[in-house]
Every structure is written in structure tokens, then in C-alpha cells.
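Asker: Next one to model:
(4 chains)
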2 protein chains.
Amino acid sequence: MSKKKQVTFADIAEYTNFSKTTISRYFNHPDSLTLENQEKISQALDTLGYKKNKLAKVLANGKSEFIGIIVPNLYLHYYSEMLTQFLSSYRDYHYKFLVFVSEHGAEEEQQYIEELLSYQIEGLIVLSHTLPSEKLASYQIPVIAIEREAEHISSVNTDNYMGALQATSLLIRDKCDILIHINVNVNKSAPAYDRIWAFQATCEEYHVPYDIDLSVKGASYHELLDVIREIFNKIESKYPDQKKGIFLANDTYANMFLNLIFQKYGTFPSTYEIVGFDNSPIASKAILPITTIGQQIDVIAKTAMDLLVQQMEEQKKRVPKPLGEPIHKQITPILIRRNTTE
Amino acid sequence: MSKKKQVTFADIAEYTNFSKTTISRYFNHPDSLTLENQEKISQALDTLGYKKNKLAKVLANGKSEFIGIIVPNLYLHYYSEMLTQFLSSYRDYHYKFLVFVSEHGAEEEQQYIEELLSYQIEGLIVLSHTLPSEKLASYQIPVIAIEREAEHISSVNTDNYMGALQATSLLIRDKCDILIHINVNVNKSAPAYDRIWAFQATCEEYHVPYDIDLSVKGASYHELLDVIREIFNKIESKYPDQKKGIFLANDTYANMFLNLIFQKYGTFPSTYEIVGFDNSPIASKAILPITTIGQQIDVIAKTAMDLLVQQMEEQKKRVPKPLGEPIHKQITPILIRRNTTE
DNA sequence: TTGTAGGCGTTATCAT
DNA sequence: ATGATAACGCCTACAA
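Answerer: Have a look, this model is predicted:
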């Protein structure tokens, strides 16, 4: 007889001579019971060893308190930090998160979403970029996109333009002779394209010579490093005696570049300034702490949650508005000055 | 009337003139239907736009397919990689994960576990170390501990002894004059204590001079760096011309140490060898790729899942065995030779 | 191969 | 302030 069933409201009710309804009220509207009876029930709960069953509750009232999250991976600090922020929001919002890592294309991702829906998630947070926002919008639940295409759904993004503007301005203020931006060949529809655009616009506005190198590519660290090395060598020979202000697309590239400089010179020469992007751990652990643009991941996550919660609340009303126009928010990143700039 | 209810088995049944039972069978025992009727139902499903409700299914059959995970944080690569591995295991095992980040002590952690239990989780994976294993065992569900105290519950750990043995042996083989191990003052009951023990034992076995410095401490990166710098200076003055083999407790420390060397000498002198632990990203991104001991996180996660699944299956039987004696597994880490050793 | 009836544990709607 | 009863959507004997 080790198949001991759960203790249920029925058991409590029987034990206390109340009805199941009253037990339910004890949890959801305790004020409607006399203090005396509350106490009586409270007693019964732990003599019988009651444990609640939220699944039954969800089935009955339809509020799962589940949010689905789809991340491309957790290898990148950006994603794991973002996930941390969402998971930590439990303390404030009490939503639980069902997390899927999607790295095998659109079909897999759709399956995950179906699975999530079958658990009655109330909302969805998407950091992956395989499904078009049109498809995501079609699921008819609140969706927030983060740092991805989001034409048909609400989104929260870093203000990439402002970030790149800050980086570029710093290099100009520090009187670099030539400014160079190093990046992959970003798609123009991706939010991150603004970094390139802002760099260029700022350089032109201040009439500073600049160069943009979008030749970075590679799947592995080593492939990337090889490309960065080539770029480094090119820069070295092309601008030998000038003060070079290098703005790289992220801290990983920046760190590679810094290492190449350090390996060649054994120190960080005053003819270089380097600014990265992301404020990832590598930026502070580098041989010289790297100046970088810090995405405010906590703010982004908070903003996304607020947006999502608002939409989810709306959906719970008896006559919910039909999700309306997507809302797009931008979060300004902050310049973190460290040792690769003056 | 936008309060459109879900399409249920009842609707399908009505539409197809079958009973709800037959619809249920279509999903769970399709073989028991004629192909013709399967087709008929299949049609009905998508003309009516059916979406399954797994919560109802769970309530009815008791199998939630949920596993709870408690991690201390995701900031450390070790944890986020571990979480990735578990989340990715969905493809093979089809268990869903409810993840909590616990960083505010035992009380909070207990609340999380209660919450997890209320969602009828079938098993629990614990990476945090605030609750004693005795407490965890008392919840009467399958629990796997990872890299933590686990007297009363099953566990999977890195074979820290073997890892440290490999590191130490390498330094001896490379004919270092003096071996030095740098670590925090690890608690003797923690699995990681074996690293210290193995280092010492191996040095003594091979009659090699050694030193153990357990003075590392600090909450922030900067505090740690200050301590490591002190240790570095001490070593520099104490063993000026000898070949020093440094084995550090993790790659973060190793990277700090390497940076200090590089900053002082502008290069990596042949009087040093360095071995880290963890194979974290910093080890390969360092100014010189660091030789390290790689924990086989994928293997650990796989082993943990196998163990857990086995125990969960047992619990689903009509007469489950009462969880029995805890099983402890050790996974041997691997030496990853890079540029800070010969 | 298919159907009937009851149950999973909670909440919601009326009553009283 | 408290109850009776019917959902919620699915599963599982037991029957036929």
C-alpha cells in the first residue's frame, strides 16, 4: 500500500467538518473565515500533511502562471545573464518559467512552442531568431521579443545606436587619428546593425577619418581569431604611427585584438584605444580591463517582464482586448570606462 | 464573445461521433483504432484546431514529466553549461525543467522546493549547497546532487582527485623544480577538497618539493585579484630562478596569475608552467591559452539524467521500491593541454 | 474496436 | 460565513 495518495481538500474538509469550498476559501479568501476556523483548518493542514497541487488549481481557474522562454543558447554570457534575470524575477512576479534551448532550426522551435502552449503558458519570451515575428504573433498569446526582429510583436532592445554613439564619441574625444569599426557583416534588419550606422554617422558628423571592416566571420574561436589577426596586421601596416581608435562589435573580438597587441608589443602602446561591446566577463578579465558598452540586461529583463505582465493581465480579463499594436522599447546602454582608453 | 474556450476531446468526439475515450486512445494507443478512423479523427483535429492540454493530462494520470532544478547562479560558466546540458536533454528524455536560481539562503530554497512539489515534479536536481542532503532526502522524491555534499542522496561529481592528479603529474613530468597549489581554504567535506589532497599526495609520492597556498578569498573579482597578486609576488621572491609549476583551483585564478606574469615580463617566461581547472571560456580566451583540467559537464549531466530517470521510473511503478540507498558516481575529467605548459 | 462512468484536485456559481 | 454542485480536460478501469 505504498501508493499513498495526496491529501486533498476533501480530506481536510472531512477532518474539519467543513466543505471543500471552505478549505479553498481558506487559501484564496481567508478573510471570509473566522479567525477561529482559520486556525482550525491550519491545524488540520499540518496534522494531515497537506501539500498543494497547483496543477489542479490551474486546470480549474485557467491561470498557469507559466511563461515560456526560448533562448538560442546559454553559452553566451548575454543569454545566460538574461535568463538569470528572468528567473530571478520570480521573487517579484511569481511567474514560473519553462525554458527551451533552441539551436536546431525553425521546426524544432515550433514544436517547443506547441509544447509550451500545451502547458497553458500565459506568455512567451523569445530570444532566438529563427521564427519570423509574424509566425510568433499568430499564436495569439502575449509575446516579447528581445534583441531580434519584432515587426509584429512587442520587443525590448538595447539602444544600439546610443551605444555605438557613446563608444565612437569617446574615441573622438580621446583624439584618435583614425577610427576603425570591426564587425561581422550584420543584416540591415537586425537591431545590431545600428552599431555600424551610428559609428559611421558619428565619425562623419565630427569629420574624423574612419574605416569600417565587416570581414569578421567564423564558427569557432580559432577561426574568428585568425580573421581578427588578419585585420590587426592590416591595421598595423596601414596606420603605423597614427593613434588608432578601435571599436569592436563585442568584447570577445576586443579581447582578441587586445591580446594580439599585447603579444606583439608586450604592453599596451599609447597608439591604441579599444572599446568593446556587451560588458561580458572577458572584458574585465582581460590582460588589461577593456572599456566597453554595457547592455543593461537587468533593465531589459525588467522592462520585458513589465510589458509581458501587462499584456498577460489584459488577457485574463473577461473581455480581453485583442493584443493590439506591438510596443517597442529601447534601453540605453552605458559606457564602462576601463583601461583600454585614457 | 472573445472568451473562446479550448477545443476538447468532447468537441472532437461530438464532431466525429466517437466517444471521448476513442479520442484519448487516438493519442495514447493509436494502434487500437482502424487506420480509417485515425484519419477521420486526424482530420477533425485540425479542422477544429485542437491544441492539447498537458496539464489536464498530468492531473489525470499523475505523470508531470517535470523535473525541478535548483542552481546557485548562472554567472559561473560551470552552472550555465550544466543547465544547458539538462535543458538540451529534452530532446532525448522529454522531461521539462522548472528552474530556480537560489541565492538567498535555505529558507528561500525550501519555498522553491515546495513550489516545485506543488507542480508535481517527478524528480529534483540540486546544484546549490544551502540545504543539507538529509533535508533533501526527506522530500521523498528522486533527487540528484551535483558537485555538492550528498550523504543521503544520490550524486554525480567530477573525480576531483583524478583531475588534480593529472595536473600535478604533468607539472612533474615537465620537470618543474617547485610545485605550488593555489586554492581557497576548501571545506574538507566538499568534493573539491580532493584537489588539494591529490596534489599533496602526488607531490609526496614523486618526492617533488611543493607548496600549498590556501589563502585565496574575496567576493569580487578585484578582491580576488589582489590576493592572487600578493601570492604571485610572494612566489616571485621566494623562488626566483626555479622553474615553478603552478596548479590553480580554477581557470579564473589561473588567468589572473597568467596576466600578472605577462604584465611583469611582457611574455610568458620558461620558468613558469600553469594549469587551471574547469576548462571555462576564459582559459581559451586568455592572452595565452591556458592548460586546464576539463570537467566533462555533458557526461556529468547525462549521468545525472540517467540516474534520475531510473529512479523516477521506479517511482511510477504500482509498487515502487522506497528509493533505496543513494548511488554516487564520479566522472573523470580530462587534461586539456594548451600553451601554459610545454 | 469502441463506449460508459467515475475520478484527478481545485475553483466558480449559486444558494442559504 | 458556509455549502452543494458543476465545471476544468483528460485518463482508466470495466463493459460491450
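Asker: what about A:Glu114, neighbour count?
Answerer: 12 (other Cβ atoms under 10 Å in any protein chain shown). Just so you know, the C-beta spots here come from the backbone N, C-alpha and C atoms, and that holds for glycine as well.
Asker: what's the helix or strand for it?
Answerer: Assigned by DSSP states H and E, A:Glu114 falls within helix A:105-118.
Asker: elements contacting that helix?
Answerer: Counting contacts by 3 or more Cβ pairs under 8 Å, 6 or more residues apart in numbering or on different chains; DSSP states H and E, helix A:105-118 packs against strand A:66-71, strand A:96-101, helix B:54-61.
Asker: The longest one - contacts with which helices or strands?
Answerer: Going back to what we said before, that points to helix B:54-61. Judged by 3+ Cβ pairs under 8 Å, 6+ apart, helix B:54-61 is in contact with helix A:54-61, helix A:105-118.
Asker: For A:Ser2, give me the pLDDT.
Answerer: pLDDT for A:Ser2: 34.
Asker: Same check on A:Leu323?
Answerer: Per-residue pLDDT puts A:Leu323 at 71.
Asker: do the same with A:Ala190
Answerer: 84.
Asker: which one of the helices and strands packed on helix A:105-118 lies closest to DNA strand D?
Answerer: Nearest of those to DNA strand D, taken as Cβ to the nearest atom of the strand: helix B:54-61 at 3.1 Å.
Asker: I'd like the distance from that closest one to the chain centre, please.
Answerer: Chain-centre distance of helix B:54-61: 30 Å, with Cα atoms, centre = their mean, to the nearest Å.
Asker: List the buried residues in it.
Answerer: Applying a neighbour-count criterion of 16 or more other Cβ atoms under 10 Å in any protein chain shown, one finds B:Lys54, B:Leu55, B:Ala56, B:Lys57, B:Val58, B:Leu59 buried in helix B:54-61.
Asker: and the residues you listed near DNA strand C, which?
Answerer: By Cβ under 7 Å from any atom of the strand, the members of the buried residues of helix B:54-61 lying near DNA strand C are B:Ala56, B:Leu59.
Asker: What ranges does the stretch 51-200 of chain A have for its helices?
Answerer: Per DSSP state H, counting those that start in this stretch, the stretch 51-200 of chain A carries helices over the ranges A:54-61, A:77-88, A:90-93, A:105-118, A:133-137, A:160-173, A:193-205.
Asker: is chain B contacted by the fifth one?
Answerer: No. No part of helix A:133-137 sits close enough to chain B to count as contact by Cβ under 8 Å from any Cβ of the partner chain; the gap is at least 15.8 Å.
Asker: just checking, what packs against that helix?
Answerer: Packing contacts for helix A:133-137, counted by 3+ Cβ pairs under 8 Å, 6+ apart, involve strand A:143-146.
Asker: Run through who's touching the strand it packs on.
Answerer: A:82, A:123-127, A:133, A:136-137, A:153-157, A:300, A:304, A:307-308 (Cβ atoms under 8 Å, 6 or more residues apart in numbering or on different chains).
Asker: Equivalent analysis for stretch A:98-105, please.
Answerer: For stretch A:98-105, the external contacting residues (Cβ under 8 Å, 6+ apart) are A:66-74, A:83, A:108-109, A:112, A:115-116, A:119, A:121, A:128, A:130, B:84, B:87-88, B:90, B:96-99.
Asker: buried sites along it?
Answerer: Neighbour-count burial for stretch A:98-105 flags A:Leu98, A:Val99, A:Phe100, A:Val101, A:Ser102 (criterion: 16+ other Cβ under 10 Å).
Asker: Same question for stretch A:59-73.
Answerer: The neighbour-count check on stretch A:59-73 (16+ other Cβ under 10 Å) flags A:Leu59, A:Ser64, A:Glu65, A:Phe66, A:Ile67, A:Gly68, A:Ile69, A:Ile70, A:Val71, A:Pro72, A:Asn73 as buried.
Asker: same question, stretch A:157-176
Answerer: Across stretch A:157-176, burial judged by 16+ other Cβ under 10 Å covers A:157-168, A:170-172, A:176.
Asker: Which entries in these are shared with the contacts of DNA strand C?
Answerer: Among those, none lies close to DNA strand C by the criterion of Cβ under 7 Å from any atom of the strand.
Asker: Which one of the helices of the stretch 51-200 of chain A lies nearest to B:Ala286?
Answerer: Nearest of those to B:Ala286, taken as Cβ to Cβ: helix A:77-88 at 16.1 Å.
Asker: how about a markdown table for the helices and strands packed on helix B:54-61, with mean pLDDT added?
Answerer: Shown next, in a markdown table, are the helices and strands packed on helix B:54-61 (pLDDT from 0 to 100):
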| stretch | mean pLDDT |
| --- | --- |
| helix A:54-61 | 94 |
| helix A:105-118 | 95 |
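Asker: can you count the residues close to the residue lying closest to A:Ser64 once chain neighbours are set aside?
Answerer: Nearest residue to A:Ser64 in three dimensions, chain neighbours excluded: A:Gln120, at 4.0 Å (Cβ to Cβ, 6 or more residues apart in numbering or on different chains). The local packing of A:Gln120 (other Cβ under 10 Å) involves 21 other residues.
Asker: Please apply the same query to the one 3 residues further on.
Answerer: As a burial measure, the neighbour count of A:Gly123 was computed by other Cβ under 10 Å and equals 23.
Asker: Test my guess that it contacts A:Ile67.
Answerer: Yes. A:Gly123 lies in contact with A:Ile67 (Cβ atoms under 8 Å); the separation is 5.0 Å.
Asker: Mutual contacts of the two, please.
Answerer: With Cβ under 8 Å, 6+ apart as the test, A:Gly123 and A:Ile67 both reach A:Tyr95, A:Leu308.
Asker: Tell me, how many residues neighbour A:Tyr90?
Answerer: A:Tyr90 has 18 neighbouring residues, counting by other Cβ under 10 Å.
Asker: ok, it to B:Glu108 distance?
Answerer: Per Cβ to Cβ, to the nearest Å, A:Tyr90 is found 10 Å from B:Glu108.
Asker: A:Thr340 falls within a strand, correct?
Answerer: No. Assessed with DSSP: H, G, I helix; E, B strand; the rest coil, A:Thr340 is coil; it does not lie in a strand.
Asker: can you tell me which residues contact it?
Answerer: So A:Thr340 contacts A:Ala254, A:Leu258, A:Phe268, A:Tyr272, A:Glu273, A:Ile274, A:Val275, A:Leu288, A:Pro289, A:Ile290, A:Thr291 (Cβ under 8 Å, 6+ apart).
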